[in-house]
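**Student:** Starting from these lines, generate the structure:
(one chain, ligands or ions: 2)
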Amino acid sequence: MLVTLSAAVTADGYMDDNTPERLTISTPEDMAEVYRLRTGHDAILVGAETLRRDNPALLLRDPEARRRRAERGLRPDLTKVTVTASGKLDPSLRFFTEGDAEHYVFSTVRLPELDRVATVIRSDAPSARAIVTELEKRGIRRLFVEGGARILRLFLEEGMADTLRLAVNPAMTLGEGRGGAHFAFDAPGKPCIRSRFGGMEVSTWQLKPDTAADDLRFLRMAVDESRKCVPCATSYCVGAVVVTSDGSVFTGRTHETSATHHAEQEAVAKALAAGARLRGASIYSSMEPCSKRASEPESCTELILRHGFAHVAFALYEPDCFVACRGALTLRESGVDVRHCPELAGEVRAANAHLWR
Ligand SMILES: NC(=O)c1ccc[n+]([C@@H]2O[C@H](COP(=O)([O-])OP(=O)(O)OC[C@H]3O[C@@H](n4cnc5c(N)ncnc54)[C@H](OP(=O)(O)O)[C@@H]3O)[C@@H](O)[C@H]2O)c1
Ligand SMILES: [Zn+2]
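**Tutor:** Ligands and ions are numbered 1, 2, ... in the order given. As a prediction, this is how the structure comes out:
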């Protein structure tokens with residue numbers, strides 16, 4: 001007999017959560033592929049705990065596959081198989097009541113209540129080897145094993161699996177205490193490299209684009225801009241660069257057009273004057289965008305959020321000279337991609353040497 005094991009796993013390594021509802025880890029496309037794979041088998045097996053927790057019907061969904069089976073004189077659904085030691089199996093489970101299939105229950109106890117719905121095969125300790133042998137005797141040539149974990153272990157540890165199909169949903173994690181699924185990112189849109197190391201299957205997902213080179217390039221421009229500032233005792237010399245999605249670049253520096261303007265404001269004002277679209281744009285500032293201001297009502301952090309910038313990079317965290325800055329944290333809390341590039345921090349400190357003396 002050929003035995004196929006199939007399982008789906010979340011990014012944090014779970015096969016189910018703790019909620020009473022059935023958790024679907026597979027994407028619709030993966031689920032469709034699992035349904036397609038079922039059609040290449042004669043029987044489908046899941047553990048008794050999966051039946052109790054998920055109450056699956058385990059049907060053949062493809063009408064064409066059902067028709068082909070009927071043509072061969074078989075019942076349209078795959079033969080359904082389960083294994084139990086406790087015997088706790090309710091005959092009203094969908095496994096027994098839905099579809100048109102033969103049913104086998106491997107059990108260590110007598111189960112007269114299942115007599116009407118299944119053939120119960122008694123055994124003191126059902127092993128994978130015994131299950132395969134008994135099913136072969138009943139004409140099963142290809143078995144699809146769909147979990148759960150204990151049943152997969154049973155077949156793997158006894159060397160009774162020919163194929164293992166392991167589907168990982170990299171975007172799905174479970175909530176605290178395994179309570180329900182969370183989706184962290186849009187997996188189909190992300191690049192992925194697959195490799196193998198010593199028999200381990202490794203998927204490397206690029207969750208965020210690598211912006212390091214652009215960050216450094218535009219931050220250098222921002223630092224150059226900051227050097228044009230006239231040093232003053234009450235504010236930092238900062239340079240900022242706005243880069244829009246279509247690649248337009250706008251620079252600004254502290255006090256460039258007004259004695260109360262920060263560098264970010266100056267760069268944003270130039271971009272707006274040119275009719276640029278700022279939603280989704282990037283802003284590079286030699287220093288962390290401010291989060292609190294004495295001289296104006298809106299901080300640069302608020303300005304960046306109001307215009308919908310998607311990406312912020314800066315070289316130096318604002319020192320606690322004037323106020324305690326929460327710019328980077330506030331932007332991150334609002335979902336902005338914030339990058340700190342300390343490579344240029346020394347140059348920013350040098351441009352503000354008048355404040356450190
Ligand atoms: N992500 C996936 O791909 C996937 C697939 C299927 C299931 N699941 C999840 O997996 C969970 C269930 O997994 P699980 O590991 O707890 O249980 P399971 O593998 O579904 O079933 C284990 C049960 O099978 C019976 N059993 C196993 N080996 C046996 C043996 N040698 N002799 C007699 N009986 C045996 C026992 O039933 P008794 O307790 O009745 O004695 C045992 O409790 C569910 O939450 C389900 O949602 C996930
Ligand atoms: Zn500011």
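
**Student:** what about the residue of the stretch 201-350 of the chain found nearest ligand 1, helix or strand, and which?
**Tutor:** Shortest the stretch 201-350 of the chain-to-ligand 1 distance, computed as C-beta to the nearest ligand atom: residue-wise this is Glu201, at 16.1 Å. Every residue, glycine included, has its C-beta placed from N, CA and C. Secondary structure from DSSP states H and E places Glu201 in strand 200-205.

**Student:** Which elements pack onto the helix or strand just after that strand?
**Tutor:** Downstream of strand 200-205, the first helix or strand assigned by DSSP H and E is helix 212-226. Using 3 or more C-beta pairs under 8 Å, 6 or more residues apart in numbering; DSSP states H and E, the elements in contact with helix 212-226 are strand 239-243, strand 249-253, helix 263-273, strand 282-287, strand 311-316, helix 345-351.

**Student:** Is helix 212-226 in proximity to ligand 2?
**Tutor:** No - against ligand 2, helix 212-226 shows no contacts by C-beta under 5 Å from the ion, the least distance being 12.7 Å.

**Student:** what separates that helix from the chain centre, distance-wise?
**Tutor:** Taking C-alpha atoms, centre = their mean, to the nearest Å, one finds helix 212-226 lying 32 Å from the centre of the chain it belongs to.

**Student:** before we move on, the earlier item: neighbours around the residue of the stretch 201-350 of the chain closest to ligand 1, how many?
**Tutor:** 10 (other C-beta atoms under 10 Å).

**Student:** quick one: it and Arg194 touch, right?
**Tutor:** Yes - here Glu201 reaches Arg194: they are 7.2 Å apart, a contact under C-beta atoms under 8 Å.

**Student:** For stretch 140-150, measure first residue to last.
**Tutor:** 22 Å (C-alpha to C-alpha, to the nearest Å).

**Student:** Are it and ligand 1 in contact anywhere?
**Tutor:** Yes - judged by C-beta under 6 Å from any ligand atom, stretch 140-150 comes into contact with ligand 1 at 146-150.

**Student:** Just put the residues you listed in JSON lines and tack on neighbour count.
**Tutor:** Output for those, formatted as JSON lines (neighbours: other C-beta atoms under 10 Å):
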{"residue": "Glu146", "neighbour count": "22"}
{"residue": "Gly147", "neighbour count": "20"}
{"residue": "Gly148", "neighbour count": "18"}
{"residue": "Ala149", "neighbour count": "15"}
{"residue": "Arg150", "neighbour count": "12"}
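
**Student:** Which of those fall within helices?
**Tutor:** Those of those mapping onto helices are 149-150, per DSSP state H.

**Student:** Kindly reformat the residues of stretch 140-150 next to ligand 1 as CSV and extend each row with distance to Leu156 and pLDDT.
**Tutor:** Shown next, in CSV, are those (distance: C-beta to C-beta, whole Å; pLDDT from 0 to 100):
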residue, distance to Leu156, pLDDT
Glu146, 14, 97
Gly147, 12, 91
Gly148, 13, 95
Ala149, 10, 97
Arg150, 11, 98
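
**Student:** of the residues of stretch 140-150 next to ligand 1, list those near ligand 2.
**Tutor:** When contact is defined as C-beta under 5 Å from the ion, those do not meet ligand 2 at all.

**Student:** mind listing the strands in the stretch 1-150 of the chain by residue range?
**Tutor:** All strands of the stretch 1-150 of the chain, identified by DSSP state E, counting those that start in this stretch, fall at 2-10, 43-47, 79-84, 103-107, 119-122, 142-145.
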